[in-house]
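Q: Below: sequence and its predicted model.
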Amino acid sequence: MRKHLSEPEWRYERKMLPVGTDSVGVEHRIRLHPAGFREVYPPREVNNLYLDTLDRRDFREHEQGVSQRSKTRIRWYGPLNGPIDRATLELKIKRGGMGRKESCWIPEFSRHHTADARSLHILLCSLSLPASARAAVEMRRPSLVNRYARRYYLSADGLVRLTLDTNLHYYDPGHVTHPLNHPIRDAQALVVELKYDPAHAAQAAAIVSQFPFRIARCSKYVEGIRRLHSGF
């Protein structure tokens, strides 16, 4: 098993926010789309622990639309509170409309790390990380946990990936007693995302034109911080 998993190639990530319909209706439109989308991976629950500076620099840069920015998070799949298997530290780097990701496996990551900033910091600093990831975790502490259900699709020509996220939950890792027991739910939110290589931008544009949804800026991290902290 490799410890470091990088996605060195830049790709576009475009999000659409369906309104006036439910997840069943969106899934129906995806399956009937002329691009021939098919489900290529079993649905699963996605959990993220975001790390940010004390003054929430990453949040502010995303909110302001800074073209060169990054997010640091720990991702795992399946139950939020059960055993955590194969958690991954991810550094998401954004340059304009394109992004790439650097990833590293985290051994021994567990639920208590979501609330115990000190033990999490010790764990992350003990890893053999690339310089960019090490610099990121040195400056950051837990700021948000979110969770959602995700479905995975691929166009018939294999050029455009699509995901559908539903049933969003946001948690404050700084909650005094039980940080993962007091979510803010956004069960009505739906996020469709297209992911594709820059060389396939024309195919992606054609796909978007045949959806009744518009491309929109959307960051689950930004939305979660806003919901948890009304002052933002």
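A: Good, I have the coordinates.

Q: can you list contacts of the helix or strand containing E223?
A: When elements are defined using DSSP states H and E, E223 is found to belong to helix 220-228. With Cβ atoms under 8 Å, 6 or more residues apart in numbering as the test, helix 220-228 has contacts from 48, 50, 56, 58-59, 62-63, 71, 73, 143-144, 146, 148, 165, 168, 170, 172, 184, 186, 191, 232. Every C-beta, even on glycine, is put in place using the N, C-alpha and C of the backbone.

Q: which stretches of the chain have low pLDDT?
A: By pLDDT under 70, the weakly predicted segments of the chain are 1-8, 176-179, 231-232.

Q: Now do the strands in it.
A: For the chain, strands defined by DSSP state E occupy the ranges 4-16, 38-52, 68-77, 87-95, 98-106, 141-154, 160-171, 184-196.

Q: Find the nearest non-adjacent residue to D186, please.
A: L168 (4.3 Å; Cβ to Cβ, 6 or more residues apart in numbering).

Q: gap between stretch 79-89 and the chain center?
A: 15 Å (Cα atoms, centre = their mean, to the nearest Å).

Q: what comes up buried for it?
A: Buried residues in stretch 79-89, counted by 16 or more other Cβ atoms under 10 Å: L80, I84, A87, T88, L89.

Q: List just the nearest of these to S110.
A: I84 (5.9 Å; Cβ to Cβ).

Q: what's the closest one in contact with, if anything?
A: Contacts of I84 (Cβ under 8 Å, 6+ apart): W76, G78, F109, S110, R111.
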